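S.K.: Return atomic coordinates for the entry below.
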Amino acid sequence: MTAKAKLTHTHICDLLRGMIRIRRFEEKCYELYTQEKIRGFLHLYDGEEAVAVGIASALDERDRVVSTYREHGHALARGMSMESALTELYGKATGCAGGRGGSMHFFSAEANLYGGNAIVGGGLPLAVGLALGDKMQAQDRITACFFGDGALAEGEFHESMNLAALWSLPVLFVLENNLYAMGTGVARVQANTDFVTRAASYGMHAESVDGNDVVAVEAAARRCVEAMRADPRPYFLECRTYRTRPHSMFDAEKYRDKAEVAEWRKKGPIIRFQAWLLENGLIRQQEIDDIESEVETQLKNAKSASEQAPWEPVEQLTRHVVTDTRPPPPEPIPPGKPVETTYREACRAAITDAMLRDERVFLMGEDVGAYGGCYGVSKGLLADFGPERIRDTPLSESGFTGAGIGAAMVGMHPIVEIMTVNFSLLALDQILNTAATVRHMSGGQFGVPLVIRMATGAGRQLAAQHSHSLENYYAHIPGLRVVAPATVEDARGMLWTALQEPDPVIIFEHVMLYNRTGLLAENAGAVDIDRAAIRRPGRDLTLITYGGSLWKTLEAAEVLASEGIDAEVIDLRTLRPLDDETIMASVARTRRAIIIDEGWRTGSLAGEISARIMENAFWSLDAPVGRVCSVEVPVPYPKHLEDAALPQVPGIVAAAKAAVGKA
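M.R.: Numbers count the residues shown, from 1 in each chain. Reported below is the predicted structural model:
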């Protein structure tokens, strides 16, 4: 690798200007924070300017950047105006993210900045996904990912490095080693502080550079970038630097001596570069003064603009949670000849159909390829579509889920399969903190058209760690759409509809449904995922359920019918957002409601639905809303205890009879 920094006079002025611009911006932010113009956390970039400027100088405009919560320097180095940056810190509507991201979450589609990330290490899987999406679309782009030394202790660091190396993805991993993760010194918490050898162990080129020498940083970055463009694969660059400000404005700095900070200030990047330029006659003092004056004018104008900028109206509070422009629901088509199939086969047909329709669709997850999926859903698809589109992943739920998010953000339509809902908790950070929030935090600049499929529920004697029903966890999160297909028709059609959504959709497939058979029209197509379905009309009470409990509920309704009680059965289908209209209309007719939910009673989805009925249909009720939920115990292994822990037909029948006064 022979690339070097191009030290023309114009370029050295640009490097110095870039660093001074960041430093003065941060100093102004410090001042404004003390005046309470900027609130929340504020993590200043003072002392690390050479890293942002050196890396940015080696990148093209088309390249992508993923940052951390200390991203002001990266954003300014990428060309963001001070006005756009400062107005975001004020929380004003004209900020780079519409004021919704604030200090830790700068986004800019124009600058290809895919967000600062407040979660240590949280941006690493996203960067892998951006690069994956670009590679799959034959885009000549590099993704630069900035992170601090604290991230190397996080699992997402290792998962991301492994994925990037495994799939030869063009990610430039930039470690800003400033010696402290918040107040924790590197040597106190890292068993191995040789980060270069750690990165190299994943089979990628790794090197270390003086992060306070902007010329050295740029030269190293150019070498990496030049090699990556010739042969796309990941590179790791450690930039040894130091933050001369506290971790954040709340930090009392009890963990390091003032003398240490003062010593590092003497060898800060701006002082060093400026002195070197003057000593070697490469710049005149007047030129430095002119740069300072120019930056000061920019700052003055940015502050004035920020003070005068409008706040977003409260009436727009719920804007950018999900897209304002969703595709219309699919038009119903006359059903063709019915064919008997299983739920599993319907799921497989849905994936096959989606991949044939749209080359941007691909399936990714543990054992989805050669193994055929834990529940056999993807069996045979590897042979049909190849390893690029049926992509086996390591056991790294957070890593590959985050990668799916990144790929979705750059135009792909990933289907991420998480083997069971229990394992999804390992990816909850990426689902909650990234997939569900990107549209909101970016002010609508970025969306995540991602589908996550996972098996859920109990009934197969898999004991406590593989038998959860956690649908309520995900239905609680704004920014997600959550569906639970219970029929072969919905298993076949909901996936295609979900893939048209501009926002993330989670599909829960109950483990007890995979072998269930049903009739499916030969020409079955997309299914509306906005509306609940009345699976059995009735007049005496409404039974509300979803997923695997639908069939128990329908069986209970038949038992009730034999005793003269006519129950209406609602299959919710979509758990977020709930179809309140269908629920309330049914309750208004029957005047009684029972909710059947395999989740635990406390904090359950059943509790939410019950509350909504009480709020919206209280005066229609002739009896309290009832709930049939799982017993509050980890699901046992023995079959008789497992059955006793879960909602069953006799329990549903008993609750219904109590509601109509026939207990």
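
S.K.: hey, where'd the helices end up in the stretch 451-600 of the chain?
M.R.: Using DSSP state H, counting those that start in this stretch, the helices of the stretch 451-600 of the chain run over 471-475, 488-499, 549-562, 580-590.

S.K.: Among those helices, which comes closest to Arg64?
M.R.: helix 488-499 (23.5 Å; CB to CB). C-beta coordinates here come from the backbone N, C-alpha and C atoms, glycine included.

S.K.: just checking, what packs against that closest one?
M.R.: If you count contacts as 3 or more CB pairs under 8 Å, 6 or more residues apart in numbering; DSSP states H and E, helix 488-499 packs onto helix 343-357, strand 413-420, strand 451-456, strand 481-483, strand 505-510, strand 517-521.

S.K.: In TSV, list these along with mean pLDDT, distance to Gly133 and mean neighbour count.
M.R.: Listed next are these as TSV, based on pLDDT from 0 to 100; distance: least, CB to CB, whole Å; neighbours: other CB atoms under 10 Å:
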stretch	mean pLDDT	distance to Gly133	mean neighbour count
helix 343-357	97	16	21
strand 413-420	97	8	25
strand 451-456	98	15	26
strand 481-483	98	21	25
strand 505-510	98	18	27
strand 517-521	95	33	17
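
S.K.: May I see the ones you listed arranged in a markdown table, with distance to Pro624 as well?
M.R.: Output for the helices and strands packed on helix 488-499, formatted as a markdown table (distance: least, CB to CB, whole Å):
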| stretch | distance to Pro624 |
| --- | --- |
| helix 343-357 | 34 |
| strand 413-420 | 35 |
| strand 451-456 | 28 |
| strand 481-483 | 27 |
| strand 505-510 | 28 |
| strand 517-521 | 34 |
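
S.K.: Quick check: which of the helices of the stretch 451-600 of the chain is nearest to Thr318?
M.R.: helix 580-590 (16.0 Å).

S.K.: Buried residues in that closest one, which are they?
M.R.: Buried residues in helix 580-590, counted by 16 or more other CB atoms under 10 Å: Thr582, Ile583, Met584, Ala585, Ser586, Val587, Thr590.

S.K.: Okay, the residue nearest to Gly661 when sequence neighbours are not counted and Ala654: tell me how far apart.
M.R.: Leaving out its chain neighbours, the residue that sits closest to Gly661 by CB to CB, 6 or more residues apart in numbering is Ala623, at 7.6 Å. According to CB to CB, to the nearest Å, Ala623 and Ala654 sit 14 Å apart.

S.K.: could you point out which element follows the helix or strand where Glu156 lies?
M.R.: Secondary structure assignment for Glu156, by DSSP states H and E: helix 155-166. Using DSSP H and E, the helix or strand that follows helix 155-166 in sequence is strand 171-177.

S.K.: Could you pull up the mean pLDDT of that next one?
M.R.: The average pLDDT within strand 171-177 is 97.

S.K.: Same check on stretch 191-201?
M.R.: What stretch 191-201 shows for mean pLDDT is 92.

S.K.: Tell me the buried residues in that stretch?
M.R.: Residues of stretch 191-201 classed as buried by neighbour count (16+ other CB under 10 Å): Phe195, Arg198, Ala199.

S.K.: The first one and Val321: what is the separation?
M.R.: It refers to Phe195. Noted for Phe195: a distance of 38 Å to Val321, by CB to CB.

S.K.: And for Gly99?
M.R.: 15 Å.

S.K.: Counting neighbours around each, name which of the two comes out higher.
M.R.: When Gly99 and Val321 are compared for neighbours, Gly99 comes out ahead with 20 against 16, by other CB atoms under 10 Å.

S.K.: and the nearest residue to the more buried one once chain neighbours are set aside, what does it touch?
M.R.: Of all residues beyond its chain neighbours, the one nearest Gly99 is Gly91 (4.3 Å), with distances taken as CB to CB, 6+ apart. Gly91 makes contact with Arg39, Gly99, Gly102, Trp311 under the criterion CB atoms under 8 Å, 6 or more residues apart in numbering.

S.K.: Against which helices or strands is the host helix or strand of Tyr33 packed?
M.R.: Counting by DSSP H and E, the element that carries Tyr33 is helix 9-34. When contacts are defined as 3+ CB pairs under 8 Å, 6+ apart, helix 9-34 packs onto helix 49-58, helix 72-77, helix 82-90, helix 214-230, helix 269-279, helix 285-308.

S.K.: of all these, which lies closest to Val660?
M.R.: Closest to Val660 of the helices and strands packed on helix 9-34 is helix 82-90 (CB to CB; 57.5 Å).

S.K.: which strands and helices sit next to the next helix or strand after that closest one?
M.R.: Sequence order places helix 123-136 as the next helix or strand after helix 82-90, per DSSP H and E. For helix 123-136, the elements it packs on are strand 64-66, strand 143-148, helix 155-166, strand 171-177, helix 397-409, judged by 3+ CB pairs under 8 Å, 6+ apart.

S.K.: Ok, which of the ones you listed comes nearest Gly518?
M.R.: Among these, helix 397-409 sits nearest to Gly518 (CB to CB), with 29.5 Å.
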